[in-house]
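In: I'd like to go over a predicted model; first the sequence, then the structure.
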Amino acid sequence: MLLKLGLIGHPVGHSMSPWIHGKLLDQQNLQGSYELFDLEPEEFDQQIQSPEIKKLDGFNVTVPFKEKIIPYLAGLDETAKEMGAVNTVKNTSEGWIGYNTDGTGFADSLTNDYPDSLKGNTRILLLGSGGASRGIFHALAKKEVAAIDIANRTTQRAIDIIQEGSQKIKSTVLTLDEASEHLSKYDVVIQTTTVGMSPNDDQLIIPVDHLTKGTIVSDIVYRPMKTRFLQEAKKRGARLHFGHQMLLQQAVYSFKIWTETEPDASALLEEFEKKLK
Ligand code: ATR
C-alpha cells in the first residue's frame with residue numbers, strides 16, 4: 001500500500017517534516033510520500049476540501065490552520081478537544097479525526113533526557129503563551145506535577161491558557177520581570193517564545209542570573225540548536241534540553257497515529273542534529 005501523507009499550513013517551505021517522515025517510512029519499510037500543501041488562508045474553505053487533500057491518509061496541520069481545521073473533522077481526541085487545536089489528522093472510515101501531539105512530544109522528549117524531570121514536587125516555569133506553550137502546558141498538566149506557572153510579555157494570553165480546559169494544576173501568571181526574579185524557585189524552565197530564533201537573533205527572553213545549578217532548562221527554538229538562552233543557562237550549571245527533540249518526538253507520534261507502527265525516534269536523532277547544524 002502506498003501511504004499518502006502531508007502537511008498543510010502557510011507557509012510550509014522550511015518544514016523539516018518531509019525529511020523526518022521520509023526517514024520514518026524507510027525505517028518501517030513502508031512505501032509512501034509526505035508532501036507540503038501551502039494553502040491560502042483566504043481560500044482555506046475551498047482548498048481543504050480539494051481532492052488532493054481528501055486523498056491523503058493522514059496529514060499534519062500547522063499555523064495558521066490548527067483551529068480552522070476543526071469544523072471539517074468527524075472527531076477529536078481528548079487533548080485536541082481540550083486545547084481547541086489540532087496538529088495531526090487521520091483519514092478514517094468515519095471521516096477525519098483530529099489529534100494534538102505537540103505537547104506530548106515535548107513531555108516525552110523531556111523525560112527521555114531526564115527521567116526524574118516530571119514528579120509530584122516538580123515546579124515548572126513556561127516562558128511564552130503562543131501555540132507551542134499551550135500544547136506544552138496541556139501535556140504537562142496531565143503529569144501531576146506540583147505547579148506550572150506561565151510568564152509572558154502579554155499576561156492576558158497566559159491567563160487564557162490557564163483558564164481553558166479543565167486543568168486542576170496549580171498555576172500562577174507572572175510578568176517576564178517576575179519570572180527572572182524568581183527563577184530559583186523552579187526545577188524546569190521552558191523557553192517557548194520566538195525570541196532567540198534564527199542564528200542572528202542573540203536576544204535573551206529574560207536574564208538568567210537567578211537560575212540555580214541543576215535546574216533543567218529547555219528552549220524549543222531549534223535553529224540555532226544552542227540558543228543564547230541555553231548557553232547562559234549552562235554557564236550557571238543548568239541541565240539542558242533541546243527543542244529539536246520535541247519536533248522529532250511529535251512527528252513520531254503523528255506517524256504512529258497514521259500507521260499504527262512503533263517507530264524509534266532515537267535512531268534518527270543524531271542524523272537530525274547533523275541536518276540542523
Ligand atoms: P507560537 O505559536 O509559535 O508559539 P506565537 O503565537 O507567535 O508563536 O507566540 C510567540 C510568543 O513569543 C508569545 O509568547 C510572544 O509574546 P506575546 O504573547 O506577548 O506576543 C513571544 N514573543 C515574541 N516576541 C517577543 C519579544 N520581543 N519579547 C517578548 N516576548 C516575545
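Out: All right, it came through fine.

In: quick check: residue 274 is in a helix.
Out: Yes. Assignment of residue 274 by DSSP: H, G, I helix; E, B strand; the rest coil places it within a helix.

In: state the distance from it to the ligand.
Out: 25 Å (C-beta to the nearest ligand atom, to the nearest Å). Just so you know, the C-beta spots here come from the backbone N, C-alpha and C atoms, and that holds for glycine as well.

In: tell me who's in contact with that residue.
Out: With contacts defined as C-beta atoms under 8 Å, 6 or more residues apart in numbering, residue 274 has no neighbours.

In: return the nearest residue of the stretch 101-250 of the chain with respect to the ligand.
Out: residue 130 (2.3 Å; C-beta to the nearest ligand atom).

In: number of residues surrounding the nearest residue to that residue once chain neighbours are set aside?
Out: Sequence neighbours aside, residue 192 is the residue nearest to residue 130 in space, at 6.6 Å (criterion: C-beta to C-beta, 6 or more residues apart in numbering). Residue 192 is flanked by 27 other residues according to other C-beta atoms under 10 Å.

In: confidence score at residue 192?
Out: Residue 192 carries a pLDDT value of 95.

In: got it, and the one 4 residues further on?
Out: Turning to residue 196, the model gives it a pLDDT of 91.

In: list the contacts of it.
Out: When contacts are counted by C-beta under 8 Å, 6+ apart, residue 196 touches 202, 203, 204, 205, 219, 221, 227, 228, 229.

In: ok, which pair from those is furthest apart?
Out: The distance between the two most remote of the contacts of residue 196 (C-beta to C-beta) is 13.1 Å, for 202 and 219.
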